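In: have a look at this fold, sequence not included:
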């Protein structure tokens, strides 16, 4: 079985092709980068995806040495994400499914991050730390679905880092550059906000910007923001481990590439006798491969959708997806 996966939930238009054994046949991506100092405007990002969709599809087929008639299923991320961007991928997927008579498989973007992490690391039953620009959740599988044990109450961690970076004048890509600057900083006090099993980052960003206006060094602000926010996520992860009794932690999503977050998780897990798995950097960001692979898992367990029912779902939660393959 061969799956063509389409990802367009946010800044990345990705098309991946994967077989049922997890062999990657194609991985093509086009990533929208906003002007310096500005965030993403969903309509502008969608226009960018529209302009690049045909070229990315062509490259994916060429690199796989396949034609669309050779593909068995069309998998598409229908949510969560930015509606104008989601519609680009959904429209392309519907067209391909109709024109070539292929089954259409709906994929939840968050579940796809988990599954690409499991595929690449061979983690079996982990507590998943999913941190990205659009999501921050601590997740574990139980009784037929992935349960959210803790999450952000306001903005995701990746988004918080991006917001702070723009205000501090840091150049994109924000994550790696934020890490470099933080490595040269020293501690200053910032608020630590954990509410039960949930976390909150908006007040942390506000206080960090206040410190900046007071004249604190950018290096110290980045260092302290990183230490506080990552410690918050690590604390909630440790509580989830204690509650579930699981012996693995899996880091996925864009922020999983941060070396300092990895270090904190490794220290905590070593103390608890728990294994740590980290999705490779190449697969931590959004991509079409993760959609294609998750589509195969879903389709093998009877999950597909009629064209007329393939509506995008902006707020499709991780814990709303039936997981029949675990």
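Out: The structure has been received and is ready for your questions. Since the structure is predicted, the reported quantities are computational estimates derived from the model, not experimental observations. Numbers count the residues shown, from 1 in each chain.
In: got the residue ranges for the helices in the stretch 1-150 of the chain?
Out: 42-64, 83-100, 109-121 (DSSP state H, counting those that start in this stretch).
In: show me how far the shortest one is from its chain's centre.
Out: Centroid separation between helix 109-121 and its chain, computed with Cα atoms, centre = their mean, to the nearest Å, is 9 Å.
In: name the helices or strands packed onto that helix?
Out: Contacts defined by 3 or more Cβ pairs under 8 Å, 6 or more residues apart in numbering; DSSP states H and E place helix 109-121 against strand 73-79, strand 127-131, strand 136-142, strand 248-252, strand 275-278, helix 288-300. (Each C-beta comes from the backbone N, C-alpha and C, glycine too.)
In: tell me which of the helices of the stretch 1-150 of the chain sits most buried.
Out: helix 109-121 (a mean of 25; mean count of other Cβ atoms under 10 Å).
In: who touches it?
Out: The contact list for helix 109-121 (Cβ atoms under 8 Å, 6 or more residues apart in numbering) reads 7, 9, 22, 77, 79-81, 123-124, 126, 128, 130, 132, 135, 137, 139, 146, 250-253, 277-280, 283, 286-287, 289-291, 293-294, 297, 316-318, 321, 323.
In: filter those residues to the buried ones?
Out: Neighbour counting with 16 or more other Cβ atoms under 10 Å marks 7, 9, 77, 79-81, 123, 126, 128, 130, 132, 135, 137, 139, 146, 250-253, 277-279, 283, 286-287, 289-291, 293-294, 297, 316-318, 321, 323 as buried within the contacts of helix 109-121.
In: just to check, residue 18 is in contact with residue 293?
Out: Yes. Residue 18 lies in contact with residue 293 (Cβ atoms under 8 Å); the separation is 4.9 Å.
In: shared neighbours of the two, anything?
Out: The contact sets of residue 18 and residue 293 overlap at 3, 5 (Cβ under 8 Å, 6+ apart).
In: any chance of JSON lines for the helices of the stretch 1-150 of the chain, columns mean pLDDT and distance to residue 267?
Out: Converted to JSON lines, the helices of the stretch 1-150 of the chain look like this (pLDDT from 0 to 100; distance: least, Cβ to Cβ, whole Å):
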{"stretch": "helix 42-64", "mean pLDDT": "98", "distance to residue 267": "37"}
{"stretch": "helix 83-100", "mean pLDDT": "98", "distance to residue 267": "37"}
{"stretch": "helix 109-121", "mean pLDDT": "98", "distance to residue 267": "19"}
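In: let me have the ones you listed in JSON lines, adding distance to residue 219 as columns.
Out: Below are the helices of the stretch 1-150 of the chain laid out as JSON lines (distance: least, Cβ to Cβ, whole Å):
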{"stretch": "helix 42-64", "distance to residue 219": "31"}
{"stretch": "helix 83-100", "distance to residue 219": "34"}
{"stretch": "helix 109-121", "distance to residue 219": "31"}
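In: out of those, which comes closest to residue 195?
Out: With Cβ to Cβ as the criterion, residue 195 lies closest to helix 109-121 of the helices of the stretch 1-150 of the chain, at 21.4 Å.
In: angle of that closest one against helix 83-100?
Out: Here helix 109-121 runs at 70 degrees with respect to helix 83-100, directions being taken by axes from the mean of the first three to the mean of the last three Cα atoms, to 10 degrees.
In: by how many degrees do helix 109-121 and strand 248-252 diverge?
Out: 120 degrees.
In: what angle do helix 109-121 and strand 73-79 make?
Out: Using the same axes, to 10 degrees: helix 109-121 against strand 73-79 is 120 degrees.
In: so where's the protein uncertain?
Out: For the chain, applying pLDDT under 70 flags no range at all.
In: what residue spans form the domains of it?
Out: 2-113+285-320, 121-283 (automatic domain parsing).
In: any idea how far apart the tips of the shortest one sit?
Out: When you say that, I think you mean domain 2-113+285-320. Using Cα to Cα, to the nearest Å, the end-to-end distance of domain 2-113+285-320 comes out at 26 Å.
In: next one: it to chain centre, how far?
Out: 14 Å.
In: what comes up buried for stretch 191-207?
Out: Buried residues in stretch 191-207 (16+ other Cβ under 10 Å): 193, 197, 198, 199, 200, 201, 204, 205, 207.
In: just the ones in strands from those residues, please.
Out: Secondary structure from DSSP state E places 198, 199 of the buried residues of stretch 191-207 in strands.
In: which of the buried residues of stretch 191-207 sits closest to residue 186?
Out: residue 207 (16.7 Å).
In: before we move on, back to that, of the helices of the stretch 1-150 of the chain, which is nearest residue 227?
Out: Judging the helices of the stretch 1-150 of the chain by Cβ to Cβ, what sits closest to residue 227 is helix 109-121, at 24.5 Å.
In: could you check the angle that closest one makes with strand 136-142?
Out: 70 degrees.
In: understood, closing this out.
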